[in-house]
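Asker: I'll drop the sequence and a predicted model, then ask my questions.
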Amino acid sequence: MPKISLSLPHPGKIVVEAGVAVKRDDTLAYYEEREIHQLNLTHALQLHPAKIYQTLVKRLGERVEAEEIIAVKKQVFRKKIVRSPVSGTLASYDETRGILVIEKKGNTKELLSPVKGQIAEVFDDKTIILEFPGVVFEAKECLSNIWGEIKVVGSLDLNVDIYQINASLSGKILLGFGWTAACLKKALALDCAVIGVEIEGRLDTLAKNNYLASEIPSVMIIDRNTFSEILKYNGRQAVFVSKERKLFIETTS
């Protein structure tokens, strides 16, 4: 049976053990979201990135409060001061660009099981291996991770019609042979993932200049034979795993 690797995006607590059977939407773990804030200290202090460390009054890893001073540039007649815009932790500093990253804790979130299966392994306090009855398809290219119900919106060799995409498909994984930029934009606006053989534009450009200017969009490019096979699984639950360039589809209810 296929196995999916599910990792916590941030430190948290896994609440399942190896050997435990789980249903779809069962809670597997809890974790705290992180809000990322970037400060361009090179611009704020008018200094070369390599000299920024000399101005920091807090060390990386330390906590700061909103409006607390984090950097000071001393001049002959005055000082330039940079204050933290939020309460959080100084997470990292990019020495080439002069960007200081502040992490702020967000809300507690749940990591849910995307399918019905069994916990095969738990390790490193952050990764869960989930085994389930299903099939696996490899993609030519893949962006982002998502899970949801597959919905067929087109047929072989034909482009998806923009009028086929409507609010009733929100949150689903849409399978269509050809995607124009307009159809892709409309689908992503509805929080859909998109699978297709012919997709207008390059995925690296899409990731860099996301239509929605938010998260990386969920898009997968497959070949013609894979498209024909996936058509059989209309209405089934599926999972994108971008780092493996694979689509996992559940074959039991």
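Answerer: The structure has been received and is ready for your questions.

Asker: can you tell me the closest non-neighbouring residue to the residue positioned nearest the centre of the chain?
Answerer: By Cα atoms, centre = their mean, the chain has its centre lying nearest to Ser144, at 5.2 Å. Using Cβ to Cβ, 6 or more residues apart in numbering and skipping the chain neighbours, the partner closest in space to Ser144 is Ser218 (4.0 Å). Every residue, glycine included, has its C-beta placed from N, CA and C.

Asker: that neighbour contacts Ala193, doesn't it?
Answerer: Yes. The pair Ser218 and Ala193 passes the contact test of Cβ atoms under 8 Å, sitting 3.6 Å apart.

Asker: more neighbours, the two?
Answerer: Between Ser218 and Ala193, counting by other Cβ atoms under 10 Å, Ala193 is the more crowded of the two (26 against 22).

Asker: hey, what's that one bridged with?
Answerer: On the basis of DSSP bridges, Ala193 is bridged to Ile173.

Asker: pLDDT weak spots in the stretch 151-253 of the chain?
Answerer: Residues of the stretch 151-253 of the chain meeting the criterion pLDDT under 70: 202, 204-215, 253.

Asker: now the strands for it?
Answerer: In chain order, the stretch 151-253 of the chain shows strands spanning 173-175, 178-179, 193-196, 198-199, 219-221, 237-241, 246-250, with DSSP state E, counting those that start in this stretch as the criterion.

Asker: indicate which one of those is closest to Leu90.
Answerer: Closest approach to Leu90 among the strands of the stretch 151-253 of the chain (Cβ to Cβ): strand 237-241, 32.4 Å.

Asker: packing partners for that closest one?
Answerer: strand 3-7, strand 146-152, strand 246-250 (3 or more Cβ pairs under 8 Å, 6 or more residues apart in numbering; DSSP states H and E).

Asker: so what's Arg63 closest to, chain neighbours aside?
Answerer: The shortest distance from Arg63 to any non-neighbouring residue, by Cβ to Cβ, 6+ apart, is to Thr89 (5.4 Å).
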